[in-house]
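Sequence plus predicted model, see below.
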Amino acid sequence: MISFPTLSNTPIGLDIGTSSIKLVQLNSDYSKVHESVRYDFSIDNSLASNELDEAMDRALSNVLSKAKQGRRFRGNEVVVCLNHQDLCLQNIKIERDDSRSIDQVIQQEAAGRVPYSVTEAELRHFDTCLSDANEAVNRDIIIMACHRPKLEQRLDLIERAGFSPIAVDVEPIAVLRSFTKQHRRESDREERVFYVHIGYSNSMVVIAEGDHILFVKYIDIGGNNLDKAVASHLNLSQKEAANMRKHHGDRRRKRRDSEVTKSLSESTRNVIEKLCAELSMCIRYHSVTFRGKPLVKMILTGGEANEEIQQELGQRLSLDCELGDPIRNFENSPASGRTGQWDVATGLALRNAPETTIYEPSKQT
């Protein structure tokens, strides 16, 4: 009897954003994108908090049920991600001679910062490295928390849509993992890189040395702010402004209208300046807290990353800046849209890949 090898694939990386979902599945040796899809949705952000959550669930239920229709995804297993909507992040310092246990520190810090009872919080933490800020040796810790009932509700919704969640990851680690796959040289694993993921509702900063995260921060500036700025400056609706930015940014540079480029630049100048100010503070925090090595470059990624923003940030921050392409090493990569939008979903699909293991956060005991 002739036997044929069984073809297998990775779990599906499921990235749920504020206005779209992205799904990516790789083949078993992590060399090709087996299937990928993006679905957009919209909800009324003027709704009250509880109504907004209900509207989000309805929208997700609708798009998730359609996500696999006509697609070649194999199996139902997904790796789910917690992002800014679900994740509370806090960078803290602990003096080396602090007598409290790490569990006590995590509990006390979380109790004063999470917007729900700490008894309902799912807590994780990890050390970044020892720092010597202000000539004192401190232990730097990143605390991550989510609301367990909300997480369970989201997982139930995903299951009812026909998927089987097998793991829950966090956005900063997923983004970093999508780029550590590209590390070819040993020196790459020793360099400190400034990752800036620009999404629709916010931006996320990750500073990492190789695959080791040093710093994470969310900034409340994203594509939504840019759309509003363009709409106000050019007297357009926000939808018209969004379409204008998208189509202009996705065109090749030689085909772009110089007058449109100028108008967009003038419209978004204040927003970009605010983003630069926030990023500058992150860079300054790194230089004071994590001495010894400089940042070698900035990688700009996320669905809102484009060449114009890349040039602006690189010039203003005096740091080499490149547009991140998390799928450049894979065959059959998605052909349309900005490649940066696939960073989270790709990082989730790579969760079990060899040589892409990120220093994972510890669970509180």
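Yep, that arrived.

CA only for contacts and neighbour counts going forward, please
Will do.

pLDDT averaged over stretch 196-209 - what is it?
Stretch 196-209 carries an average pLDDT of 95.

now do the same end-to-end measure for that stretch.
14 Å (C-alpha to C-alpha, to the nearest Å).

Could you list the residues in contact with it?
18-19, 172, 176, 189-195, 213-225, 279, 282, 298-305 (C-alpha atoms under 8 Å, 6 or more residues apart in numbering).

Tell me the buried residues within those.
Using 16 or more other C-alpha atoms under 10 Å as the burial test, those include 18-19, 172, 176, 189, 191-195, 213-218, 220-225, 279, 282, 298-305 as buried.

So for stretch 59-74, what gets flagged as buried?
Neighbour count says stretch 59-74 has 59-61, 63-64, 67-68, 73-74 buried, by 16+ other C-alpha under 10 Å.

and what of stretch 153-170?
Applying 16+ other C-alpha under 10 Å to stretch 153-170 flags 154-155, 157-159, 161, 163-165, 169-170 as buried.

Closest to Ser99 out of these?
Val170 (29.9 Å; C-alpha to C-alpha).

so what's the closest one up against?
81-83, 87.

make it 6 Å
Residues in contact with Val170, defined by C-alpha atoms under 6 Å, 6 or more residues apart in numbering, are 81-82.

Tell me the bridge partners for it.
Leu82 (DSSP bridges).

how far away is it from Asp86?
Following C-alpha to C-alpha, the distance that separates Val170 from Asp86 is 10 Å.

how far away is the spatially most central residue of the chain from Lys93?
Nearest residue to the geometric centre of the chain (C-alpha atoms, centre = their mean): Glu171, 4.4 Å. Distance, Glu171 to Lys93, using C-alpha to C-alpha: 22 Å.

Equivalent analysis for Val296, please.
Counting by C-alpha to C-alpha - Val296 and Lys93 are separated by 25 Å.

same question, Leu123
17 Å.

out of the two, which sits in the more crowded spot?
Leu123 (24 against 16; other C-alpha atoms under 10 Å).

before we move on, could you check phi and psi at the closest residue to the more buried one other than its chain neighbours?
Once flanking residues are discounted, Leu123 sits nearest to Ala145: 4.6 Å by C-alpha to C-alpha, 6 or more residues apart in numbering. Here is the backbone geometry of Ala145 (degrees, to the nearest 10): phi -140, psi 150.
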